[in-house]
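Enquirer: no sequence on hand, only this structure:
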């Protein structure tokens, strides 16, 4: 079992398209939705038949190469065999006739496949890429919390620490899901993929023969999950050695108590300085059980390096290995949807 080391570009792209079309009052991502719509052109109309607002969408839209970046992910998508295209597209709900280009795609037409790849790239560049540093930072914070749970109590503690839509009842992981199903791992392992744009319930592939992936929603700290950072005022507070020591002390993630010990300040002082750094966009704070876990944002890490912020898509793709758990013997049960076993 692994926790993905970075966001998956295509999973985030496809799931964000669900969020874009969510018109329910009070729906999350409101500011992102309005900003993204201003930048989009024909991508929404082109992708809509492939990604319904609810239910099934084709698995070939999210190949595993999406973990490597947009170029690698789209190259893998363009290499999808025609037979798989036809099989997965035929599962789309037949509520209305497919547009001509989708019928051509179902027949394996390379031009139609190129058109789809172009639409996905354009959508990603306009709706997802501008928010990638924030997305990356939130997922890094989640990984830090899962890693802390693993260190504190092993694989059982890690699985028990997952969001409340998942419940670890050894040897079965129960998962809230829109439909009933059981997913048997059969020795293949399981990739846990935290996702910024996944909401409410986790998602997995429709085809049980594909490498098992469980995409789960982050526990967003506030309803306004696309905050507008105004660093000028807050960054003006970043003077003196104590806050510099706080940034260095956070490292790969620590609680407020650990931070206070590392920097040799009181708990109240560590909390106050961490708040200022968080308001400046340099730290992320995530509640983990009864503790609060702090991690660096990409901007905070860049500040420590003394150089410009780097492309966060260049992060090492190795996952967090969970050697203590033989995932091949575990189950994942998705009640209302089934189980992963």
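Expert: Done, it's in. Note that this is a predicted model, so its numbers are computed, not measured. Numbering: from 1, shown residues only.

Enquirer: which stretches in the stretch 201-341 of the chain count as strands?
Expert: Here the stretch 201-341 of the chain has its strands, by DSSP state E, counting those that start in this stretch, at 213-217, 254-255, 283-288, 291-296, 320-321, 331-334, 338-340.

Enquirer: now this protein, which segments are flagged as low pLDDT?
Expert: For the chain, the stretches with pLDDT under 70 are 24-27, 220-240, 252, 288, 305-341.

Enquirer: and with 50 instead?
Expert: Across the chain, the ranges flagged by pLDDT under 50 are 222-224, 227-236, 239, 307-340.

Enquirer: if the residue sitting nearest the centre point of it is in a bridge, with which residues?
Expert: The residue lying closest to the centre of the chain (CA atoms, centre = their mean) is residue 195, at 1.8 Å. Judged by DSSP bridges, the bridge partners of residue 195 are residue 217.

Enquirer: how much space separates it from residue 74?
Expert: Distance of residue 195 to residue 74, given as CB to CB, to the nearest Å: 19 Å. For glycine as for every other residue, the C-beta is placed from the backbone atoms N, C-alpha and C.

Enquirer: so which residues of the stretch 1-150 of the chain form strands?
Expert: 2-3.

Enquirer: tell me where it has helices.
Expert: 9-20, 30-39, 43-47, 70-78, 82-89, 100-106, 110-123, 132-160 (DSSP state H, counting those that start in this stretch).

Enquirer: packing partners of the shortest one?
Expert: Counting by 3 or more CB pairs under 8 Å, 6 or more residues apart in numbering; DSSP states H and E, the packing neighbours recorded for helix 43-47 are helix 9-20, helix 110-123.

Enquirer: can you give the contact residues for the first one?
Expert: By CB atoms under 8 Å, 6 or more residues apart in numbering, the residues outside helix 9-20 that reach it are 27-29, 32-33, 36-37, 44, 47, 51, 53, 57, 61-63, 66-67, 69-70, 73-74, 77, 120, 123-124, 127-128, 135, 193, 195-199, 203, 215, 313.

Enquirer: swap in 6 Å and give it another go.
Expert: For helix 9-20, the surrounding residues in contact (CB atoms under 6 Å, 6 or more residues apart in numbering) are 29, 33, 47, 51, 61-62, 66, 70, 73, 124, 127-128, 195, 197-198, 215.

Enquirer: so what's residue 303 closest to, chain neighbours aside?
Expert: Nearest non-adjacent residue to residue 303, counting by CB to CB, 6 or more residues apart in numbering: residue 282, 6.4 Å away.

Enquirer: residue 299 and residue 1, how far apart?
Expert: Residue 299 is 31 Å from residue 1, by CB to CB.

Enquirer: between those two, which one's more packed in?
Expert: residue 1 (24 against 19; other CB atoms under 10 Å).

Enquirer: wait, a strand at residue 192?
Expert: Yes - applying DSSP: H, G, I helix; E, B strand; the rest coil, one finds residue 192 inside a strand.

Enquirer: count the neighbours of the closest residue to it other than its chain neighbours for me.
Expert: Leaving out its chain neighbours, the residue that sits closest to residue 192 by CB to CB, 6+ apart is residue 3, at 4.8 Å. Applying other CB under 10 Å, we find 20 residues neighbouring residue 3.

Enquirer: wait, doesn't residue 3 sit right on residue 145?
Expert: No - with contact defined as CB atoms under 6 Å, residue 3 does not reach residue 145; the gap is 10.3 Å.

Enquirer: burial count for residue 190?
Expert: Neighbours of residue 190 (other CB under 10 Å): 23.

Enquirer: that one and residue 207, how far apart?
Expert: From residue 190 across to residue 207, the span is 15 Å (CB to CB).

Enquirer: next one: residue 286
Expert: From residue 286 to residue 207 the distance is 33 Å (CB to CB).

Enquirer: the two - which one has more neighbours?
Expert: Using other CB under 10 Å as the criterion, residue 286 and residue 207 rank with residue 286 on top: 21 against 13.

Enquirer: that concludes my questions; thank you for your assistance.
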